[in-house]
Each structure stands twice: as C-alpha cells, then as structure tokens.
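1. how does the following fold in three dimensions:
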Amino acid sequence: MTKSTAGASRVRVHVKPGSRRGPAVEEGPGGMLVVMVREPAADGKANAAVERVLAEHLGVAPSRVTIVRGHTARIKTVRVD
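-> Here you go, the predicted structure:
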C-alpha cells in the first residue's frame with residue numbers, strides 16, 4: 001500500500017482484464033500489485049471484479065475497496081478503507 005490518510009490507504013494496481021490466470025493478485029515491478037481478472041473490460045465488469053478480488057486478497061470487505069482513479073485505464077488507484 002502506498003499513501004495513508006485518516007484510516008484509508010491508496011494502492012496503485014495494474015489490471016489485466018480477460019486473463020486466463022485470474023482471479024489472482026501478484027506483486028509486479030516496483031511493488032505495484034498486478035490484478036488479473038477473467039471479466040472483460042466492458043460495462044464495468046472488470047472494475048467490479050478488481051474491487052472484489054483485491055478485497056479478498058487484502059482481507060477486507062468488498063465495500064471497503066473503491067477505484068478512485070483510472071476507471072478506463074489499466075493502471076488504477078484504489079482506496080482501501
């Protein structure tokens with residue numbers, strides 16, 4: 001995790017939608033998390049899967065994980081409350 005603000009942390013992730021290896025989370029270059037999901041990058045399906053998979057990986061409720069930047073990009077900033 002990177003920044004921490006009043007109980008919330010921000011994490012930069014690289015998303016790989018439509019991945020056969022997903023759902024999975026690995027540490028990538030520079031400590032960035034790589035999140036692989038099977039869902040396609042269409043209609044917000046991959047974003048919802050990223051929040052769900054990342055929450056499971058971090059051991060928090062899915063409602064505590066929110067994409068705050070990069071909704072249409074592969075590099076995203078995610079807030080974890």
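2. spit out the contact partners of residue 77.
-> By Cβ atoms under 8 Å, 6 or more residues apart in numbering, the contact list for residue 77 reads 10, 11, 12, 13, 67, 68, 69, 70. Yep, even glycine has a C-beta here, placed from its N, CA and C like the rest.
3. 10 Å instead?
-> 2, 3, 10, 11, 12, 13, 66, 67, 68, 69, 70 (Cβ atoms under 10 Å, 6 or more residues apart in numbering).
4. just the buried ones among those, please.
-> 11, 12, 13, 67, 70 (16 or more other Cβ atoms under 10 Å).
5. quick one: the contacts of residue 77 as a markdown table, columns for secondary structure and pLDDT too.
-> Listed next are those as a markdown table, based on DSSP: H, G, I helix; E, B strand; the rest coil; pLDDT from 0 to 100:
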| residue | secondary structure | pLDDT |
| --- | --- | --- |
| 2 | coil | 53 |
| 3 | strand | 53 |
| 10 | strand | 94 |
| 11 | strand | 92 |
| 12 | strand | 94 |
| 13 | strand | 96 |
| 66 | strand | 97 |
| 67 | strand | 97 |
| 68 | strand | 97 |
| 69 | strand | 97 |
| 70 | coil | 96 |
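6. closest to residue 81 among the residues you listed?
-> residue 66 (7.7 Å; Cβ to Cβ).
7. my read: the closest one touches residue 52, true?
-> No. At 11.8 Å, residue 66 does not count as touching residue 52 under the criterion of Cβ atoms under 10 Å.
8. roughly how far out does the host helix or strand of residue 15 sit from the chain middle?
-> Per DSSP states H and E: residue 15 is located in strand 8-16. For strand 8-16, the separation from the chain centroid amounts to 5 Å (computed by Cα atoms, centre = their mean, to the nearest Å).
9. does anything pack onto that strand? Which helices or strands?
-> For strand 8-16, the elements it packs on are strand 3-5, strand 24-27, strand 33-36, helix 45-58, strand 65-69, strand 75-80, judged by 3 or more Cβ pairs under 10 Å, 6 or more residues apart in numbering; DSSP states H and E.
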